[in-house]
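*Asks:* Here's a sequence, model it:
(chains A and B)
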Amino acid sequence: DGGITQSPKYLFRKEGQNVTLSCEQNLNHDAMYWYRQDPGQGLRLIYYSQIVNDFQKGDIAEGYSVSREKKESFPLTVTSAQKNPTAFYLCASSTSPFGWTYNEQFFGPGTRLTVL
Amino acid sequence: EDQVTQSPEALRLQEGESSSLNCSYTVSGLRGLFWYRQDPGKGPEFLFTLYSAGEEKEKERLKATLTKKESFLHITAPKPEDSATYLCAVQATNYGGSQGNLIFGKGTKLSVKP
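*Replies:* Numbers count the residues shown, from 1 in each chain, chains lettered A, B, ... in the order given. Now for the predicted structure:
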């Protein structure tokens, strides 16, 4: 079955720690995205990658970092510089946002990060 | 500024009571409008893409429609299993650095009581 997997499902972080959230897709999609979801707010874009070895900042990239070394994988690191990291994190992928293509995005199951 | 607004924030229906959810948008040009369903603690599930005004898409008890300024998600004779948060997102035809990225509304939380 093709799809997007995220791990872990739940993650607890202590103050000052960096943590990495995993996202893998086997849909052969070029583009991948990371969103953050907080109660009462819409999804906010953290980082996106349209192609391997390239990525761009979204609307709320401060305190986060990513890499895209393989087409299938787009891990997100939440650094200690992120002051309020407790949230639900969603990874998504799409065929490609370039040009005139339509950006239908498909989401993983999410990771809930809690800062202790 | 590109913006997506969903209303109402929450909607409670009795089983079988049909209703509509609204998604209004302001973008310089619309490339596509997307509807998703999200269950608590899970990722959004893709429902529909609408490309142009006048277009309609249907899936079971759901029908999505699109005008030049808004989209409606009509729910006919809903069942308790239709309870979820419904998200709307738009893709604008801007050619800036975030070309093609989606702008999400805050969602409508639907509860259907038996």
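*Asks:* Starting from the helix or strand of chain B with the lowest mean pLDDT, tell me the next helix or strand along the chain.
*Replies:* One helix or strand of chain B scores below all others by mean pLDDT, DSSP states H and E: strand B:102-104, with a mean of 91. Using DSSP states H and E, the helix or strand that follows strand B:102-104 towards the C-terminus is strand B:108-113.
*Asks:* OK, contacts around the spatially most central residue of chain A?
*Replies:* Per Cα atoms, centre = their mean, the C-alpha nearest to the average position across chain A is that of residue A:34, at 2.4 Å. With contact set as Cβ atoms under 8 Å, 6 or more residues apart in numbering or on different chains, residue A:34 has these partners: A:21, A:23, A:45-48, A:58, A:64, A:66, A:74, A:76, A:89-92. Backbone N, C-alpha and C define where each C-beta goes, glycine included.
*Asks:* so what's it bridging to?
*Replies:* Beta-bridge partners for residue A:34, by DSSP bridges, are residue A:47, residue A:91.
*Asks:* what about it, distance to chain B?
*Replies:* 12 Å (Cβ to the nearest Cβ, to the nearest Å).
*Asks:* so what strands line up beside the least confident helix or strand of chain B?
*Replies:* strand B:84-92 (antiparallel).
*Asks:* what about the strand it pairs with, average pLDDT?
*Replies:* Here strand B:84-92 scores 94 as its mean pLDDT.
*Asks:* who touches that strand?
*Replies:* Counting by Cβ under 8 Å, 6+ apart, A:42-43, A:97, A:102-103, A:105, B:2, B:4, B:6, B:21, B:23, B:25, B:27-40, B:44, B:47, B:71, B:73, B:100-105, B:107-110 sit against strand B:84-92.
*Asks:* Residue 2 - how many residues pack around it?
*Replies:* I'll assume chain A. Per other Cβ atoms under 10 Å in any protein chain shown, the neighbour tally for residue A:2 reads 9.
*Asks:* actually chain B
*Replies:* Look at residue B:2: counted by other Cβ under 10 Å, it has 16 neighbours.
*Asks:* and the closest residue to it other than its chain neighbours, how far is that from residue B:35?
*Replies:* Among residues not flanking residue B:2 along the chain, residue B:27 sits closest, at 4.5 Å (Cβ to Cβ, 6 or more residues apart in numbering or on different chains). Noted for residue B:27: a distance of 16 Å to residue B:35, by Cβ to Cβ, to the nearest Å.
*Asks:* Between the two, tell me which one has more neighbours.
*Replies:* Using other Cβ under 10 Å as the criterion, residue B:27 and residue B:35 rank with residue B:35 on top: 24 against 18.
*Asks:* Around chain A, pick out the residues from chain B.
*Replies:* Proximity of chain B to chain A, by Cβ under 8 Å from any Cβ of the partner chain, involves residues B:4, B:31-32, B:34, B:36, B:41-46, B:49, B:51, B:87, B:89, B:91, B:97-107.
*Asks:* Could you turn the buried ones of the residues you listed into a ChimeraX selection?
*Replies:* The buried subset of those, as determined by 16 or more other Cβ atoms under 10 Å in any protein chain shown, is captured in ChimeraX by this line:
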select /B:4,31,32,34,36,43,44,49,87,89,91,98,99,100,101,102,103,104,105,106,107
